[in-house]
Each structure stands twice: as structure tokens, then as C-alpha cells.
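J.: sequence first, then the predicted structure, then my questions.
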Amino acid sequence: LAKGINAGQGLGIEIIATLQLVLCVLATTDRRRNDVSGSAPLAIGLSVALGHLLAIDYTGCGINPARSFGSALIANNFENHWIFWVGPIIGGAGAALIYDFILAPRSSDLTDRMKVWTSGQVEEYDLEGDDMNSRVEMKPK
């Protein structure tokens with residue numbers, strides 16, 4: 001962490017940086033969306049660049065626990081290292097919840113979706129496709 005940045009501020013920065021990146025990845029790679037035009041890799045790359053430009057001066061912009069662990073291992077500096085694990089986990093989970101429940105909710109109701117979290121897949125699917133080489137579409141029965 002930079003001088004003048006405490007652990008709480010660093011955690012908040014890591015949460016926000018990871019949240020914006022994961023939201024970008026989810027929004028640009030969602031197969032249900034037909035309104036996305038342009039390059040998904042470019043959008044994701046620009047999102048990574050934005051996160052680094054905004055957070056690198058304060059926390060070094062981990063947004064990836066593996067990258068943060070490698071840097072800490074080489075520098076042998078694990079002070080406040082928990083921030084670079086907890087922040088991205090909270091940010092990524094928050095982004096998934098925001099995207100899935102607010103920005104692009106699925107058609108099934110909330111109780112069925114909560115059952116998936118607790119006990120696995122609830123809906124049964126029909127597989128459409130005549131031969132083995134065709135694309136298989138899974139649609140609820």
C-alpha cells in the first residue's frame with residue numbers, strides 16, 4: 001500500500017477495481033446479449049488498463065490474487081497481503097451478483113435461482129441437435 005493509504009482504503013480500492021473489471025468481462029461475454037458489438041478482448045483490456053490507471057498509485061492494483069502473490073513472493077513482502085486476496089474475492093462476487101440479479105437477470109424466478117446455489121441445477125433441459133457435429137442448444141423444457 002502507498003503511504004497514507006490504510007488497510008480499509010486499500011481494501012475498498014481493490015474491491016472497486018476488481019468489480020469494474022469483472023462487470024466488464026461478464027457484460028461483454030454474456031451469450032444472452034445480442035446488443036454487444038465491437039471487440040470483447042479490447043473492452044476487457046481497456047477495463048484492465050482503467051483499473052491500473054486509477055489504482056496503481058494507491059495499492060499497486062492487484063485485481064488478481066495470483067499476480068499479487070507472485071510479486072509479494074519475489075519481494076518477500078507479505079505486509080497487508082490479505083487485502084489482495086479479500087478485495088478481489090469480494091469485488092468479483094459482488095460484480096457477479098450485481099450483473100446476474102440487477103443488470104441482466106435471467107428469466108427464471110429468484111427461488112429457482114437460489115436453489116441452484118444451494119443444491120445444483122434445478123431445470124431439466126432438452127438437447128437440440130441432429131448430428132454430433134452441430135451446435136447443441138440447451139433450452140429449458
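T.: Arrived safely, thanks for sending. Numbering: from 1, shown residues only.

J.: residues touching residue 2, list them.
T.: 57, 58, 59 (Cβ atoms under 8 Å, 6 or more residues apart in numbering). Using the backbone N, CA and C atoms, a C-beta is placed for each residue, glycine as well.

J.: is it true that it lies in a strand?
T.: No. Residue 2 is assigned coil when assessed by DSSP: H, G, I helix; E, B strand; the rest coil, not a strand.

J.: the closest residue to residue 55 other than its chain neighbours: how many residues sit nearby?
T.: Nearest residue to residue 55, sequence neighbours excluded (Cβ to Cβ, 6 or more residues apart in numbering): residue 61, at 4.0 Å. For residue 61, the tally of surrounding residues (other Cβ atoms under 10 Å) stands at 22.

J.: go on, residue 75?
T.: Residue 75 has 8 nearby residues by other Cβ under 10 Å.

J.: hmm, back to that, now the contacts of residue 2 in TSV, with secondary structure, pLDDT and distance to residue 90?
T.: What follows is these, written out as TSV (DSSP: H, G, I helix; E, B strand; the rest coil; pLDDT from 0 to 100; distance: Cβ to Cβ, whole Å):
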residue	secondary structure	pLDDT	distance to residue 90
57	coil	95	21
58	coil	95	17
59	coil	93	14
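
J.: would you turn the residues you listed into CSV with neighbour count and distance to residue 45?
T.: Shown next, in CSV, are these (neighbours: other Cβ atoms under 10 Å; distance: Cβ to Cβ, whole Å):
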residue, neighbour count, distance to residue 45
57, 12, 20
58, 17, 21
59, 23, 20
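
J.: now for the residue nearest to the spatial centre of the chain: which residues touch it?
T.: The chain has residue 22 as the residue nearest its centroid, 2.9 Å off, counting by Cα atoms, centre = their mean. Residue 22 is in contact with 91, 92, 95, 96, 99, counting by Cβ under 8 Å, 6+ apart.

J.: closest to residue 29 out of the contacts of residue 2?
T.: The shortest approach to residue 29 among the contacts of residue 2 belongs to residue 59, at 26.1 Å (Cβ to Cβ).
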